[in-house]
Every structure is written in structure tokens, then in C-alpha cells.
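J.: Return a 3D structure for these sequence lines:
(2 chains)
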Amino acid sequence: DAKTTQPTSMDCAEGRAANLPCNHSTISGNEYVYWYRQIHSQGPQYIIHGLKNNETNEMASLIITEDRKSSTLILPHATLRDTAVYYCIVRVGGNTGKLIFGQGTTLQVKP
Amino acid sequence: DAGVIQSPRHEVTEMGQEVTLRCKPISGHNSLFWYRQTMMRGLELLIYFNNNVPIDDSGMPEDRFSAKMPNASFSTLKIQPSEPRDSAVYFCASSLRPAGADYGYTFGSGTRLTVV
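T.: Residues are numbered from 1 along each chain as shown, chains lettered A, B, ... in the order given. Predicted coordinates:
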């Protein structure tokens, strides 16, 4: 599975959009981009995933560049409860492959 | 939907004792994963099952660790004998993963294991 690079930490003002970047320059054509987050002392929570098209759900939007070498997770209106570690993971979809977590980005939403 | 249920939530045991962690996946999910999390190593995948069959156990640290999934609704992770370095939070996750499609993993609340 391709490796990802994320900033170690980011801050965001409450009510503003949080844009979390992820670089995955070695991504293969059949690899998806997944985003999870982990709020302190809880299990990781699935947010969103995509292959090449932009995706949106009730939690967030995922923007993938045309060359697929990077992506951005957007939380449109961050709240204090969005403070968490956000993981960007690249892997093959379907029932093969493994979800391997890196160090992630610690997002601190401030009042 | 009760989600993925893990038990116990906390476990404190003495070095050398056997420890058994339990997981009940979401009904209908066909894949189950065991992870371990420590400050030093982050989240590590230990083993995963598809349709109750172990697929990849390359993350299991050593022979002291074993995992079973006797049926679609139950899995155990056993450590025998336990050592202080096994102290960590152990997460179980399940997912519906039909061939050619994928859905997110749902994680349980974890078991915090302390070996003294």
C-alpha cells in the first residue's frame, strides 16, 4: 500500500472550515484514499473514502487532485467536538488489503 | 445497532497470567480486525479475518498471541503468558467487505490492558 504524508498538527477556529491535506504521491490506480479520525480514548471512526472523484457525505468532503497524488479532507464548519487525530490511509479496496494507520494529523479546534 | 462490542473495557493482570479479550462484530459484517494501540507504536494491525477465516496474522507480535473466530458473531484475542510490554489499548473492528466494494470499518470502544 502507498505511503501517506500528513502534517503533524493543525489548528482551526470553531465555525470555520478545516482543510486537512494528505500527500500520497506513490498511489496506484486501484488504491483508494480513506480518512478516519480518533477522538481521545475512543476507537477510530470512519469518515469518508474515494478513488478519484470528489466525495461528500454528512461528515465531510474529500477532494482528490486529478493526478491523485494528494487529497484534502474538508470539515465545512468545525466544532470543538471535531478535535481529534485524523488519519489519511491509502489501500486497495474490496475484501483484500489492510488498513494501516500512520501518525495522522492532530486537529485542534479552538473557540 | 449496538455497534462493535468489546469486553472487558479494562483489564489489569499480573505478568504471566493468561488474558482473553472478546469482540462481538456488527451483525452481517464479514470482516473482523484486531488492532493494538500504544503511544510509542500507534495503531498496529494484529490480525484480520474474512468470513471467520484468518487471512493475515503477520502483525501478531509473537507466539504468545493467538486469535480465533469460531463463528460470525464472536472473536477472541488471547495472550498467554502476558508481559508488561503487552500493556496497550486493543481495538476490534468489523466491516462489510464484499468483493469489489468497500465500506468503512466500525471500531469498538477498546479494551485497555495493563499488565503489572
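
J.: Tell me the buried residues in stretch A:40-54?
T.: Within stretch A:40-54, the residues that count as buried by 16 or more other C-beta atoms under 10 Å in any protein chain shown are A:43, A:44, A:45, A:46, A:47, A:48, A:49, A:50. The C-beta positions use only the backbone N, C-alpha and C, and glycine is treated the same way.

J.: For that stretch, the averaged confidence score.
T.: For stretch A:40-54, mean pLDDT is 92.

J.: Does it reach chain B?
T.: Yes. Against chain B, stretch A:40-54 shows contacts by C-beta under 8 Å from any C-beta of the partner chain at A:41, A:42, A:43, A:44, A:45, A:46, A:47, A:49.

J.: Can you add distance to residue A:105 and secondary structure and give the residues you listed back as JSON lines?
T.: Formatted as JSON lines, these follow (distance: C-beta to C-beta, whole Å; DSSP: H, G, I helix; E, B strand; the rest coil):
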{"residue": "A:41", "distance to residue A:105": "18", "secondary structure": "coil"}
{"residue": "A:42", "distance to residue A:105": "17", "secondary structure": "coil"}
{"residue": "A:43", "distance to residue A:105": "18", "secondary structure": "coil"}
{"residue": "A:44", "distance to residue A:105": "13", "secondary structure": "coil"}
{"residue": "A:45", "distance to residue A:105": "15", "secondary structure": "strand"}
{"residue": "A:46", "distance to residue A:105": "16", "secondary structure": "strand"}
{"residue": "A:47", "distance to residue A:105": "12", "secondary structure": "strand"}
{"residue": "A:49", "distance to residue A:105": "17", "secondary structure": "strand"}
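
J.: ok, the residues you listed vs residue A:12, which is closest?
T.: Closest approach to residue A:12 among these (C-beta to C-beta): residue A:47, at 15.3 Å.

J.: got the contact list for residue A:24?
T.: Counting by C-beta atoms under 8 Å, 6 or more residues apart in numbering or on different chains, residue A:24 touches A:2, A:3, A:4, A:5, A:31, A:33, A:68, A:69, A:70, A:71, A:88, A:90.

J.: Just the buried residues of those.
T.: A:2, A:4, A:31, A:33, A:68, A:70, A:71, A:88, A:90.

J.: next one: phi and psi at residue 59?
T.: I'll assume chain A. With angles defined as degrees, to the nearest 10, residue A:59 sits at phi -100, psi -40.

J.: Quick check: chain neighbours aside, which residue is closest to it?
T.: Excluding the flanking residues, the one nearest residue A:59 by C-beta to C-beta, 6 or more residues apart in numbering or on different chains is residue A:47, at 5.3 Å.

J.: Equivalent analysis for residue B:56, please.
T.: The shortest distance from residue B:56 to any non-neighbouring residue, by C-beta to C-beta, 6+ apart, is to residue B:48 (5.8 Å).

J.: What's opposite the one you found in the beta bridge?
T.: residue B:33, residue B:56 (DSSP bridges).

J.: How much space separates residue B:48 from residue B:31?
T.: Going from residue B:48 to residue B:31 by C-beta to C-beta, to the nearest Å gives 6 Å.
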